[in-house]
Structure formats: C-alpha cells, structure tokens
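Peer 1: Provided below for reference: sequence and predicted model.
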Amino acid sequence: MALLADLKSSQAELEAQLSRRMAVFEEQLKATSPPTESLSKLAGDFYSFRDLVWGLLKSMRRQIEVCSNTIDAMEMRHRRKALLFSGIPESVDNVSEAVVDVIQSKLEIGDVDASQIVLCHRLGDKPDKRCRPVLVRFSTYSLKSTIWKIM
C-alpha cells in the first residue's frame, strides 16, 4: 500500500509542477503583444498540448483509483477467513493446538480441530509483558463465521 501512496503523491506532484509551468507559459503568451500569426499558432498548440496533458493526468488518476480499489478488494478477500486471538500465553509451544483448545473449551465449539486451521502464527515482535495476538486463517469461511458469531 505504501507504493500506491507513493504513486499517488508522485502523480499529484507531477500535476502541480505541470500546472505551475503551464501557468507561467500562458502568462508569457498573454503578455506578448502584438499577437502575430506564428504566436497565435504557438498559443493554439500550447492549448491543445495542455488539454492533452490534463486528459492524460485524469486517465492516470482514474487508473490509480482502479488499482487502489482492486488492491483493497484483494486484501479484503485475503482476510475473509482470518481471525485474531489474543490472550494466548507466550509460553505455549504449539499455537495451533492452543487456539483449538480455546475454541473448544471457551467457545464450546467441539467439532474444530487443527486440520481446519490453514495458518496460525503470532504477530509482531516479542514484547516484555504482553502476549502477542495470534492470527488464525481457517480452511472455510463458514467455520470462521461460526466462531466469530459466538465470540
């Protein structure tokens, strides 16, 4: 997501720089008197170039927005089957089994076993006193949904 933010800021910088330069050039065109035929042709070329550049920048802005929405949708689908569990002690060796134990004993869902967990790991660096949260990705959305409703 950082790269997308960099892309957006670069595009905004480019727009601002082009806008400043075009405004300076346009002022120079207006300040020139008397207008000659070649100057009128140059002014027409400038205005058509300006319209082209603004059209391209608008297209880039739309493409960045589409990319942003697509990335967001992909991330949401990726997190669809995941839950965070907190309070599982750091001293536990097998985190998957500890999560299954919490689901079976605390949430009273008996038909859950470790084979239904696709991914299970702690998040972040090991703190001094607190337990790190555990990210758990389940094999099916329905299992995650069942657990979430009870939580």
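Peer 2: Arrived safely.

Peer 1: so what's the gap between stretch 69-80 and the chain middle?
Peer 2: 8 Å (C-alpha atoms, centre = their mean, to the nearest Å).

Peer 1: again with stretch 111-130
Peer 2: 24 Å.

Peer 1: pLDDT on that stretch, on average?
Peer 2: In this model, stretch 111-130 carries a mean pLDDT of 87.

Peer 1: please point out which parts of that stretch sit buried.
Peer 2: Neighbour counts using 16 or more other C-beta atoms under 10 Å place 112, 116, 117, 120, 122 of stretch 111-130 among the buried residues. Yep, even glycine has a C-beta here, placed from its N, CA and C like the rest.

Peer 1: contacting residues for the residue nearest to the second one when sequence neighbours are not counted?
Peer 2: What that stands for is residue 116. Nearest in space to residue 116, with sequence neighbours left out and distances taken as C-beta to C-beta, 6 or more residues apart in numbering, is residue 139 at 4.9 Å. Neighbouring residues of residue 139 by C-beta atoms under 8 Å, 6 or more residues apart in numbering: 81, 115, 116, 117, 118.
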